[in-house]
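Trainee: no sequence for this one, just the structure:
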């Protein structure tokens, strides 16, 4: 079972920044659309950001638009999420996911995505 491995989470103050990364050890990302989801305690998992296979198309949740940036480096098999101007409501476990479908499909039916990581905790203190 190929896994995705996230890193970069941690504790940061309101207004601070964090950069999350996700890799696929021993595998390639080239054929996959990639996305980040998050889940806060007691809440449903929610979409954060997605990027197409080529990296040309991106999509963001309204709550993170203009603060978060998703990017990918297919030569290094990594996807990153740069998070700026963090707010306490951004506190959650962040998950990386990959699927061969379009980013629209990944967002619409995430339970069917091919791969998920174990998640990385992001905590924003007020």
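Mentor: Structure's in. What do you need? Just so you know, these numbers come straight off a predicted model, no measurement behind them.
Trainee: Going by C-alpha atoms from here, please, whenever you check contacts or count neighbours.
Mentor: OK.
Trainee: low-confidence ranges in this structure?
Mentor: For the chain, the stretches flagged by pLDDT under 70 are 1-2.
Trainee: Strands along this structure, start to end?
Mentor: Ranges of strands in the chain, per DSSP state E, are 5-7, 10-13, 18-23, 33-39, 46-51, 58-60, 68-73, 78-83, 92-99, 115-116, 120-125.
Trainee: which residues sit against the second one?
Mentor: The set of residues that contact strand 10-13 without belonging to it, under Cα atoms under 8 Å, 6 or more residues apart in numbering, is 18, 86, 121-126.
Trainee: how distant is it from the center of its chain?
Mentor: 17 Å (Cα atoms, centre = their mean, to the nearest Å).
Trainee: hmm, which two among the contacts of strand 10-13 are most spread apart?
Mentor: 121 and 126 (16.2 Å; Cα to Cα).
Trainee: Would you mind naming the residues that bridge with residue 36?
Mentor: Note on residue 36: beta-bridge partners by DSSP bridges are residue 49, residue 96.
Trainee: That one touches residue 58, doesn't it?
Mentor: No. Contact criterion Cα atoms under 8 Å: residue 36 and residue 58 do not qualify, at 11.4 Å.
Trainee: who has more neighbours, those two?
Mentor: residue 36 (26 against 18; other Cα atoms under 10 Å).
Trainee: Skip the chain neighbours and tell me the closest residue to residue 107.
Mentor: residue 47 (6.5 Å; Cα to Cα, 6 or more residues apart in numbering).
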